[in-house]
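**Q** sequence and computational prediction follow.
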Amino acid sequence: MLAVFDESWLIAMIGLAGGVLLGLAARLGRFCTLGMIEDAHYGNDRGRLWMWALALGVAMIGNFMAEAAGLIRLGDTIYLRNDYSLVGAALGGLLFGYGMAHAGNCGYGMLARLGGGDLRAMVIAIVMGIAAYVTLSGPLAGLRAALFPIDPNPITEQGWAHVIAASLGLSAGAIAGAIGFGLIGAAVLALARANRLSEIVWACVAGFAITSGFVGTGLVAANGFEPWAVQSHTFTASVGDTIRYTMFSSGLEPDFAIGSVAGVVIGACIGTLWRDGFRWEACDDPRELRRQMGGAVLMGVGAVLAAGCSVGQGLGALSLLSLHAPVVAATIWLGGWLGLRHLIEGINPLRQT
């Protein structure tokens, strides 16, 4: 296939295919991070939490099975190859989660809403992407690097499965398999008991999309001629990449991130047309838009500090059992809950009820 397609376009098509699946999962399966947190705390509904657990288990099994089959070396992924600042991960997760609540969705959710015709989501996504680039390589990049340095070549792979395996004399795949199958079994049982069979399907689709990103980019990186990053779907700096490519495409090449962003929008559009019809929406409340744009800035900054968003860390890195992923996932949840409490219950999210 590398002989037929240019490597950059092949990488982009891998991202596009997985993005379409994630877009469909968002619109047809209601797969959503903020919705999961809101349902759990305010809706007395754990369905979307079990969906997330199932997607995580499917991605985890898929990742480690691919490594066992020789398709990919997980240590080459960006989450296991770099040692990130734990403080930066926690702070970034909190900022992202709090901003996500105020923006009304995460980057992935914004793209899914855009695919349904929501022009507010486009504005928020653009603000988020620019804020991410300001922190990643713009005016705040130097301060970020000084406060939260990254070690790009740690001595050991930065994964819990690898650390535990080394200490117990087991294989990392065995540890990940036990965790992954445990998550799958518990989630399928809970969703099946609630007769939510379609949610089982869409959670599996989302988990497969995450694995497809790692495996696809890993295969191209191993067999191609360019030094491609082994990565999967994440939706913050990727939006900034897409904005940049849209403006300067004559001097740039497409990549996984651009294909992924486009894929979510396309998949969400297809899902919207299939379910209840496409319709344009716009913001008629300037105060609400201002709040959402502020949340988008927090998401952009937070995702860069945390080295990923609710999908990049909450599914991608966590499915690799990255050392820092549990911290990011927990603080995104905490930040999201604080943000929702601020909006729903009053100004002080920490006040006692």
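**A** Sure thing, it's come through.
**Q** how far away is the nearest residue to G117 once chain neighbours are set aside from V261?
**A** Counting by Cβ to Cβ, 6 or more residues apart in numbering, W280 is the residue found nearest to G117 once chain neighbours are left out, at 4.6 Å. Yep, even glycine has a C-beta here, placed from its N, CA and C like the rest. Using Cβ to Cβ, to the nearest Å, one obtains 20 Å as the distance from W280 to V261.
**Q** quick one: which of the two has more around it?
**A** Taking neighbours as other Cβ atoms under 10 Å, W280 and V261 compare with V261 leading, 29 against 8.
**Q** wait, isn't the more buried one in contact with R244?
**A** No. Contact status for V261 versus R244: not in contact, 11.4 Å apart, counting by Cβ atoms under 8 Å.
**Q** ranges for the helices of the stretch 1-150 of the chain?
**A** In the stretch 1-150 of the chain, the helices defined using DSSP state H, counting those that start in this stretch lie at 7-29, 33-42, 47-68, 78-81, 86-103, 107-115, 119-136, 141-147.
**Q** show me how far the fifth one is from its chain's centre.
**A** Which is helix 86-103. Here the centre of mass of C-alpha atoms in helix 86-103, compared against the chain's by Cα atoms, centre = their mean, to the nearest Å, lies 13 Å away.
**Q** now it against helix 33-42, angle please.
**A** 80 degrees (axes from the mean of the first three to the mean of the last three Cα atoms, to 10 degrees).
**Q** mind listing what's buried along helix 86-103?
**A** In terms of neighbour count (16 or more other Cβ atoms under 10 Å), helix 86-103 has its buried residues at 88-103.
**Q** what's the answer for the second one, then?
**A** For helix 33-42, the neighbour count (16+ other Cβ under 10 Å) marks T33, L34, G35, M36, I37, E38, D39, A40 as buried.
**Q** okay, helices next: where are they in the stretch 201-350 of the chain?
**A** So, for the stretch 201-350 of the chain - with DSSP H, counting those that start in this stretch - the helices run 237-248, 256-275, 286-306, 318-319, 325-345.
**Q** of those helices, which is nearest V205?
**A** Between V205 and these, the shortest gap by Cβ to Cβ is with helix 256-275, which sits at 10.0 Å.
**Q** any idea how far V239 is from G302?
**A** The gap separating V239 from G302 is 14 Å, by Cβ to Cβ.
**Q** ugh, typo on my part, it should be G251
**A** Distance, G251 to G302, using Cβ to Cβ: 30 Å.
**Q** who has more neighbours, those two?
**A** With neighbours defined as other Cβ under 10 Å, G251 and G302 compare such that G302 has more, 31 against 7.
**Q** pretty sure that one is touching A90, no?
**A** No. Contact status for G302 versus A90: not in contact, 10.4 Å apart, counting by Cβ under 8 Å.
**Q** report the central residue of the protein.
**A** When the chain is reduced to its mean C-alpha position, the nearest residue by Cα atoms, centre = their mean turns out to be V311, at 1.6 Å.
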